[in-house]
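K.L.:
Predicted structure and sequence below. I'll ask about it afterward.
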Amino acid sequence: MPLKPVLLMLFLLAGCMPPIHADAKIAAAVPVSVKNVNNCYKLSRELYRSAQPDDDGFKALEKQGIKSVLNLREYHRDDNEAQGTSLNLYRIRLAAGKVTAQDLMECLLLIDKAPKPILVHCWHGSDRTGIVCAAYRIVIQGWSPEKAEEELKDERFGHHKSYYSNLSELLRTTDWQEFKSAFRKRKAAQAS
C-alpha cells in the first residue's frame, strides 16, 4: 500500500479516537462571575474552584448549576451558609502547611464520586484549593506536574508561596505515575 493512503487512514482514525479525558483540552482556568463568591474559576465542566462562599454565594452557586461543594477548611463547616439549598456538602480538613499525597488522593476520590459539577473551596481559594486543583489537573486532565505547579502559582489565585512552598515541593516530589495507578485501583474498589 502506498505511503500517502496509510498516513491518511492513520490521521482519520486518530481523529475518531476520544481524548483521554473530555476536558484535557482546557488550557487554563476560566474566571466565573458568581454573586458573593470570590476567586471563582471553572477548570472543567465538572470542577470549579473558589474562596469561601457566603449564604447568598451558596444560593448563587446552586442557580449556576453546581451540585456539590467540597470544603477544605479545617475549622469551618458550610452547613449554616448553605442552608436552604440542595447542594451536596463535603468536607476534608486540610492544613495548607501539611498537605500530603494521601490528602490529595482522598480529595480526588471524593471529587470523582460526588454529583457534578462540584466546587472546591477553602478560605481564600488559593493554597489548599490550589493544590487539590493541581492534583486534579495532573491525574484527571493529564497535565504535567510542571504545568499544574505553574497554575498553582498563578497570581490570579493568590497563592502564598512564601508561606506554603511545601505545596510546590509536593507537586515536584510525588511519583505521579504511581499516584495515578493507586487512584485507579481505589476508584475501582469504590465502584465495586
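P.N.:
All right, it came through fine. None of these values were measured; they are calculated from a predicted model.

K.L.:
Would you mind measuring from the spatially most central residue of the chain to residue 50?
P.N.:
In the chain, the residue lying closest to the centroid (CA atoms, centre = their mean) is residue 133, at 3.3 Å. Summarising the geometry, the distance separating residue 133 from residue 50, computed by CB to CB, to the nearest Å, is 11 Å. C-betas here are computed from N, CA, C, even on glycine.

K.L.:
Repeat that for residue 152.
P.N.:
Distance, residue 152 to residue 50, using CB to CB: 15 Å.

K.L.:
Next: residue 83.
P.N.:
The spacing between residue 83 and residue 50, counted by CB to CB, is 19 Å.

K.L.:
With residue 91 instead?
P.N.:
Summarising the geometry, the distance separating residue 91 from residue 50, computed by CB to CB, is 15 Å.

K.L.:
With residue 88 instead?
P.N.:
The gap separating residue 88 from residue 50 is 16 Å, by CB to CB.

K.L.:
When the two are compared, which one has more neighbours?
P.N.:
residue 50 (23 against 14; other CB atoms under 10 Å).

K.L.:
Measure how buried residue 138 is and give me the count.
P.N.:
For residue 138, the tally of surrounding residues (other CB under 10 Å) stands at 23.

K.L.:
Show the model's pLDDT score for the closest residue to residue 143 other than its chain neighbours.
P.N.:
Here the nearest residue to residue 143 in space, its sequence neighbours aside, is residue 137; by CB to CB, 6 or more residues apart in numbering that works out to 4.0 Å. With respect to pLDDT, residue 137 has a value of 97.

K.L.:
can you check residue 2 too?
P.N.:
As predicted, residue 2 sits at a pLDDT of 58.

K.L.:
wouldn't the residue nearest to residue 143 be in contact with residue 146 here?
P.N.:
No. Between residue 137 and residue 146 no contact is recorded; they are 10.9 Å apart, counting by CB atoms under 8 Å.
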